[in-house]
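>>> Task: produce atomic coordinates for the following.
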Amino acid sequence: MDKLRKKSHTDKDAQDAMTWMNMRGIDSKLFCCMYSLDEEGRLPNLFWRDHQSLLDYKAYSDVLIMDTTYKTNLYRKPLVVFVRFNNHRATVVSVFALIRNDSEDTYEWVFQNFLESMEDLQPSLSMGTRL
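Coordinates of the predicted model:
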């Protein structure tokens, strides 16, 4: 019964997330959301960034840091966060991705979506960490 309740809860959460992403996309043409569906129609990977992140990244794309937290959220899924610095040397969060696992294929999916969402502008320096 608990597994059924959890599946129902997570399915609703995925639907709610997609509804929120679609609403953001209507509000802002520069909002970006990308996702993948598995063979059972589930949402294993979700990537998003807002319009301001794109504008800021175009202005300050020198250094990019990717940080991943592992299984600290309700869904026990890795959360990828891209962070950069602005002209005031302040840390600014740019992009988020909630991913199925930490496989090489999944990270390749994240990085491809990152570059596509940032109009293929590559950072001068990128670093990654795992917590």
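>>> Surely residue 82 and residue 107 touch.
No. Applying C-beta atoms under 8 Å as the test, residue 82 and residue 107 come out as separate, 12.0 Å apart. Every C-beta, even on glycine, is put in place using the N, C-alpha and C of the backbone.
>>> Comparing these two, which shows the higher neighbour count?
residue 82 (25 against 18; other C-beta atoms under 10 Å).
>>> Against residue 97, how distant is residue 108?
12 Å (C-beta to C-beta, to the nearest Å).
>>> One more: residue 39?
The value you get for residue 39 to residue 97, if C-beta to C-beta is used, is 20 Å.
>>> ditto for residue 41
Remark: distance between residue 41 and residue 97 (C-beta to C-beta) = 20 Å.
>>> again, but for residue 125
Distance from residue 125 to residue 97, by C-beta to C-beta: 20 Å.
>>> same check, this time on residue 65
Residue 65 sits at a distance of 14 Å from residue 97 (criterion: C-beta to C-beta).
>>> okay, now residue 88: neighbour count?
If we define neighbours as other C-beta under 10 Å, then residue 88 has 7 of them.
>>> likewise residue 23?
Residues near residue 23, counting by other C-beta under 10 Å: 11.
>>> How about the contacts made by the residue nearest the centre of the chain?
Residue closest to the average C-alpha location in the chain (C-alpha atoms, centre = their mean): residue 97, at 2.0 Å. Shown in contact with residue 97 (C-beta atoms under 8 Å, 6 or more residues apart in numbering): 45, 46, 47, 48, 79, 80, 110, 113.
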